[in-house]
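Enquirer: I need the structure of the sequence given here:
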Amino acid sequence: MSQVSQRVKMDKLIDSEKAKELRGLIEESERIVLTCHVRPDGDAIGSTLGLWHLLRTMGKDACVVVPDKAPASLSFLPGFKEIAVYTCHASFCTKTVEEADLIICCDFNTPSRQDSLAPLIQGAHCRKVLVDHHQEPDCFADLMISYPDMSSTCELVFRLIAAMGLYGDVSLDCATCLLAGIITDTRNFTVNCKHYDLYEILMRLLEKGVDKERIVKEALNTRSYNSLKLEAYALSEKLETFPAHKCALITLSKEELDRFHYERGDSEGLVNRPLEVKGMVYSIFMREDPDCVKVSARSCNNFPVSEICKDLYGGGGHLQAAGGEFYGTLEDCRRLLIDSFDKYDVYLTKGNNQHRK
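Expert: Numbers count the residues shown, from 1 in each chain. Prediction:
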């Protein structure tokens, strides 16, 4: 398939004027910083590294600067060792950001999601671009490219690359990073796959030589011994179900996390497991961190867990995948959810679910 034909097929959901403006900004810039949200996941790292590889192919001086360390499960991605971590190398990251003439913000919708890195990024005097798929983005960039109906920021990045006419510059390393983000955010094409041509994107990335089997194994199906024990404990001892409200809940205290030598990423995917229980429509996972309780939520049948996270925990996200934070005790966080069940039962009715499709 020719590159022209490729553009016709893969850029149809993208605003052509914004794609043109982004390409212009890239061509005018030499030192480009790519950044993402705190506690970066596969989509955050995949989108920033994917663009990093693309920009390097184009001859640009590019650098990925992230707020804190990414999970070791993503260390197989090409370029992972080149990522600059702000909490580890603040001086280098500061100098890099201050010298940039373009910053591309990937996979977050509000500056607060960058934690301690936010003031540095927001204080930079260069132009900024947002490339993201989360709902209700704050208008903090000069060019806002936001598509909440995309499965992932990596899907959006691929479509942007096609729309900019740069598909031919996608290397194997770039394609590997992009597919990793798509696979992790869709749980290997099982959730959030709204657009049927997402599978065509998969085909185009595979044509670049990507090893999909390795990505699934490394990013989704490989974990530490302690992580496996933690999940077993969480499911056998801490899983609560509330059949009348079709909700499942898991809470893990700091003491419990310490008992299993918790490391960042060890609880990845845990929130999805209770949805395997027949009759459960949504699942909530609460993890006690040193500064707050982290809340993750997933659902099926178009149940809007984003509303729960926004109303109760100051967060948000996607309709069926969202998160938030609670500043108080783990038990108070748990009780707040339980006391609010009745408010959200209305979304369990078939009519409401169909209305939200």
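
Enquirer: C-alpha only now, for contacts and for neighbours.
Expert: Noted.

Enquirer: and for the nearest residue to Cys88 once chain neighbours are set aside, the neighbour number?
Expert: Leaving aside its sequence neighbours, Cys88 sits nearest to Asp68 (Cα to Cα, 6 or more residues apart in numbering; 7.6 Å). For Asp68, the neighbour count with other Cα atoms under 10 Å is 21.

Enquirer: next up, the contacts around Asp68.
Expert: Going by Cα atoms under 8 Å, 6 or more residues apart in numbering, Asp68 touches Val38, Arg39, Pro40, Val85, Tyr86, Thr87, Cys88.

Enquirer: do that again at 7 Å, thanks
Expert: Asp68 sits next to Val38, Arg39, Val85, Tyr86, Thr87 when contact means Cα atoms under 7 Å, 6 or more residues apart in numbering.

Enquirer: next, it: secondary structure please.
Expert: On the three-state scheme (DSSP: H, G, I helix; E, B strand; the rest coil), Asp68 is labelled coil.

Enquirer: top of the contacts of Asp68 by number of neighbours, please.
Expert: Each of the contacts of Asp68 was scored for neighbours by other Cα under 10 Å, and Val38 scores highest at 20 neighbours.

Enquirer: residues contacting that residue?
Expert: Val38 touches Pro67, Asp68, Arg113, Gln114, Asp115, counting by Cα under 7 Å, 6+ apart.

Enquirer: from memory the third one sits against Cys36, does it?
Expert: No - in this structure, Arg113 is not within contact of Cys36 by Cα atoms under 7 Å, at 8.5 Å.

Enquirer: looking at these two, which one has more neighbours?
Expert: Higher neighbour count among Arg113 and Cys36: Cys36, with 30 against 16, using other Cα under 10 Å.

Enquirer: what about stretch 302-314, average pLDDT?
Expert: Mean pLDDT, computed over stretch 302-314, is 95.

Enquirer: before we move on, the earlier item: please flag which of the contacts of Asp68 sit within strands.
Expert: The strands, defined by DSSP state E, take in Val85 from the contacts of Asp68.

Enquirer: dump the contacts of Asp68 to a markdown table, plus pLDDT.
Expert: As requested, the contacts of Asp68 are exported to a markdown table (pLDDT from 0 to 100):
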| residue | pLDDT |
| --- | --- |
| Val38 | 93 |
| Arg39 | 91 |
| Val85 | 98 |
| Tyr86 | 98 |
| Thr87 | 96 |
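
Enquirer: which one among the contacts of Asp68 gets closest to Arg334?
Expert: Using Cα to Cα, Arg39 is the member of these that lies nearest Arg334, at 22.7 Å.
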